[in-house]
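[1] Build me a model:
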Amino acid sequence: MNETLIETVTTATRWPMWVLVIAGVLGLLVIVMTWFNVRFVRSPLRRFSIVTLRTLTVFLLLLVLLEPAKTERLIRKVRSNVAILVDASESMRVPDGEVSRWKVARRWLTEPLSAWRESHRIERYTFGAQLEHIPEQMDVTTLEPSASTTYVLEALTALAEKTSGSDLAGVILVSDGVDNGALRWLQEGQESLTTEVAEVLDRLDAPIYFAPVGRSKGLADLRIVDVRGPSFTFVMNAASLDVEIEVQGRLPPQIEINLFEDGRPSRTERIKTRPKTYKYRHTIPFLPRTVGERVYTIRVAGLPNESYMENNEHSLLIPCIRDRIRVLQVAGHPSYDQRFVREHLKSNPNVDLVSFFILVDAEDDIRYPAHETSLIPFPVRELFEEELPGFDLVIFQDFLYRPVGAGAHLERIRDFVTNGGALLVIGGGRSFERGQYQNTLLETLLPVRLEGVFPTDESSFLDPYRPQITESGRHHPILRLLPDASENEQLLAELPLLEGINQVAGLRDGAITLLEHPELKDEEGKALPVVSIREVEKGRTVAITTASMWRWNFVHAGKGGDSHAYNRFLASTIGWLLKDPEMSPLRLALEPQVPREHEPVEVRLSIADPSFRPATDHPYTLSLYLLSDPNASEAELRIPLESAHYDSKRCQPTRCEAGERKKEATCGSLQCTSGPDGKDTFKITAPDPGVYRLVLTSRFDDRTLSVERRLVVDPGSHERSRIFDSEQLVEKLTERSGGRQISIRDTPDSIGLSAPVIELPERSRERPLWSHAGVLLLAVLLLGVEWAIRKRSGLP
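    Next up, the predicted model:
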């Protein structure tokens, strides 16, 4: 760097051009007239002297009019700038031979500097989502590629704002060429550069030299570009996923696509590849068989010597719901109770109802064969052998099952319930103890016990009564007929009286009574249950030990009421039987449920006991499991939740000692205490990308309740799915800007990178030349001499 003083003479006149032109014309006219006046002077010397002096005077006056000034500029000469931009996105972690792309690219920040700095000023940057300047004294070995995306065009735009084109001799762009920003979506499907991209290059006004990293020619990669599926599915209704796949490198003979449902293999399909075709679309069907959240994972088999496997898998969270509820109603005889239950079910358009009524049974004195008294034969075999698994709910209403041959199928009914089915048994003169349910497989499913109970004709079992709501019933959603608790109890107290009740021995272990008789007792001295519920392994059962619930509809409406209480009671009962998530004592919600890697996830939960009373300050456990290998134990798949993963003051992690994770059931879980009203809200940090299930468990006496939610952690960017540039977008930028592709062995001379000297002004000064006394004296002198010569020549 050196300094140079440059002096120049310029005009500083403030007169407009037309004034200067007129002054010049007038000056020329004065000179011509002077020559015309002196043409008769005999002495040639005097004629020449007069014209010359007049010409000098006019010229001097014109110079004064132009206001000439002397400008002195002190300039500093510096070297031109070269910007080195290195891609620091996650795709740079991909191996490039024995080292990663990043280690190859990072050499550009150190190795060329000594040679290049002799002729250029070097500015170093990294870019991903934004352009970051690297200070000269910074140790670049501490840098790691962590940007979640690559924005090439945005980085060049930011560089153009930082420096003008005259200061920039060139840009060295070191990248794998994978762009996920404006450049990609502006140029998608375009052969030439769009106007927006060209404008950025014009503002930059410097050649771009592309230094590619990654063996794009020898790279083998099979990646899932996109997977699209429905936002939800219906149980037992076929659906499909649309998969888009892209191949880099040598084409395999076929592509194997595997579908997993909640980590379990579901389907495998193979598609044949076509010559010179590297993008494929395929539709893979699936059939959801159960209600609830399901995670469907598409995984493609890798290529031989594939460079990168993380983009071979993609997961979608798809809830599965019921489009129709299939209900089997079997009634022992036509009645008001049967009629109103059937009308309620028929009024719901989402219910597929199959109803059978026994018009004549063995107790009737009929002297005709059964086939002559039946509208249709009772299809006992078809119902209980073939069709039973297809129903969601079975209702036995005042049903004497033995005469119709259903007793031979009680084992199938038991399996139906224990595998997740729902059973509602409604009382009457042909049900419970009067239907000979004692000591049968059917009795083992009920919430009530019948052993040792025999039918009785005591009037007390037939008298009207008002059922009493139990403490458990006050909180249970089945009896929440109105939102407000006090109004709900008032409504229950105003409903019509019920008539008749079946006699039972008592409740089974784990069963809960919601409504009970105000006076009659069971063998244990407790009030006879009117409405009781029970969970049987995976299924649920409800026992209504009266055939007069219809009075809450028909009689109540006749007294000026309406059917809301009855219909709400039946709807809530069916909802609880079918495990409506809104009727679970434990509730767990995640927001978002498909977070990005390490993104905060809000956990909202509420805990109630089995009778739905809020569990305040009650212990619960929160565990996170990897949803992958279905054969692995929970302890092997548990992801420890350390203190850095949550922000709740009510939770403490269970520490894992070395080797303890696989054998300890609670190792790595959070042990927490519920807040007021059994509710709690806090945040956890999403783990590494993958599919997980978050399980909430809480123990009440000898019973453990649990609920779980799926958690699908997205990598959060396209960086982990795209590791090669299939469209050569950066090469198009290079060509348009006047640069070319280079390697780390190139020098400024071999690249053709000029080393112009940039002149930066330090200071300047301007001195007027016309505003000087000598100029005036010279003008007077010239006019005086001319006057003297004119007088001697006899001129005026």
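
[2] neighbouring contacts of the longest helix seen in the chain?
    As assigned by DSSP state H, the longest helix anywhere in the chain is helix 44-66. Residues outside helix 44-66 that contact it (C-beta atoms under 8 Å, 6 or more residues apart in numbering): 11, 13, 15, 20, 23-24, 27, 30-31, 34-35, 38-39, 41, 770, 775, 778-779, 782-783, 785-786, 789-790, 792-793, 795. C-beta coordinates here come from the backbone N, C-alpha and C atoms, glycine included.

[3] Could you pull out the buried residues of the next helix or strand after it?
    Once helix 44-66 ends, the next helix or strand along the chain (criterion: DSSP states H and E) is strand 68-87. The neighbour-count check on strand 68-87 (16 or more other C-beta atoms under 10 Å) flags 69, 73, 75, 79-87 as buried.

[4] now these as JSON lines including pLDDT and distance to His133?
    Output for these, formatted as JSON lines (pLDDT from 0 to 100; distance: C-beta to C-beta, whole Å):
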{"residue": "Ala69", "pLDDT": "75", "distance to His133": "42"}
{"residue": "Arg73", "pLDDT": "70", "distance to His133": "31"}
{"residue": "Ile75", "pLDDT": "62", "distance to His133": "27"}
{"residue": "Arg79", "pLDDT": "61", "distance to His133": "19"}
{"residue": "Ser80", "pLDDT": "72", "distance to His133": "18"}
{"residue": "Asn81", "pLDDT": "80", "distance to His133": "13"}
{"residue": "Val82", "pLDDT": "85", "distance to His133": "14"}
{"residue": "Ala83", "pLDDT": "88", "distance to His133": "10"}
{"residue": "Ile84", "pLDDT": "90", "distance to His133": "11"}
{"residue": "Leu85", "pLDDT": "91", "distance to His133": "10"}
{"residue": "Val86", "pLDDT": "92", "distance to His133": "12"}
{"residue": "Asp87", "pLDDT": "91", "distance to His133": "15"}
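
[5] and which of these is nearest Leu303?
    Asp87 (24.4 Å; C-beta to C-beta).

[6] Leaving out chain neighbours, which residue sits closest to the closest one?
    Nearest residue to Asp87, sequence neighbours excluded (C-beta to C-beta, 6 or more residues apart in numbering): Ser175, at 3.7 Å.

[7] Let me see the domain layout of this structure.
    Listed by automatic domain parsing, the domain ranges of the chain are 2-67+770-792, 79-217+724-758, 221-318, 325-577, 585-713.

[8] rank those domains by pLDDT, which is bottom?
    Confidence, taken as mean pLDDT, is least for domain 2-67+770-792 of the domains of the chain (a mean of 76).

[9] And the helices in the stretch 601-750 of the chain, which stretches?
    Assigned helices in the stretch 601-750 of the chain, in chain order: 634-637, 729-737, 748-751 (criterion: DSSP state H, counting those that start in this stretch).

[10] Off-centre distance for the longest one?
    If you compare the mean C-alpha spot of helix 729-737 with that of the full chain, they lie 33 Å apart, counting by C-alpha atoms, centre = their mean, to the nearest Å.

[11] what helices or strands is that helix leaning on?
    For helix 729-737, the contact count by 3 or more C-beta pairs under 8 Å, 6 or more residues apart in numbering; DSSP states H and E identifies helix 152-162, strand 168-175, helix 182-187, helix 195-204, strand 208-212 as packing neighbours.

[12] Report the buried residues of it.
    For helix 729-737, burial by neighbour count (16+ other C-beta under 10 Å) applies to 729-730, 732-734, 736-737.

[13] Might one say that Phe356 is in contact with Val330?
    Yes - Phe356 is in contact with Val330 according to C-beta atoms under 8 Å; the separation is 5.0 Å.

[14] So which of the two has more stuff around it?
    Val330 (23 against 16; other C-beta atoms under 10 Å).

[15] Roughly how far does the more buried one sit from Ile533?
    According to C-beta to C-beta, to the nearest Å, Val330 and Ile533 sit 20 Å apart.

[16] now Leu63
    Computed as C-beta to C-beta, the Leu63 to Ile533 distance reads 113 Å.

[17] Glu90 too?
    Taken as C-beta to C-beta, the span from Glu90 to Ile533 is 52 Å.

[18] same check, this time on Glu144
    Distance from Glu144 to Ile533, counting by C-beta to C-beta: 57 Å.

[19] ditto for Leu251
    Taking C-beta to C-beta, one finds Leu251 at 60 Å from Ile533.

[20] Looking at those two, which one has more neighbours?
    Ile533 (24 against 16).

[21] next one: the strand or helix carrying the more buried one to chain centre, how far?
    Counting by DSSP H and E, the element that carries Ile533 is strand 527-536. Per C-alpha atoms, centre = their mean, the displacement of strand 527-536 from the mean C-alpha position of its chain is 44 Å.

[22] The helix or strand following that strand pairs with which strands?
    Of the helices and strands lying after strand 527-536 in sequence (DSSP H and E), the nearest is strand 539-544. Using DSSP bridges, strand 539-544 pairs in its sheet with strand 422-426 (parallel), strand 527-536 (antiparallel).

[23] so can I have CSV of these showing distance to Leu131?
    Below are these laid out as CSV (distance: least, C-beta to C-beta, whole Å):
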stretch, distance to Leu131
strand 422-426, 61
strand 527-536, 60
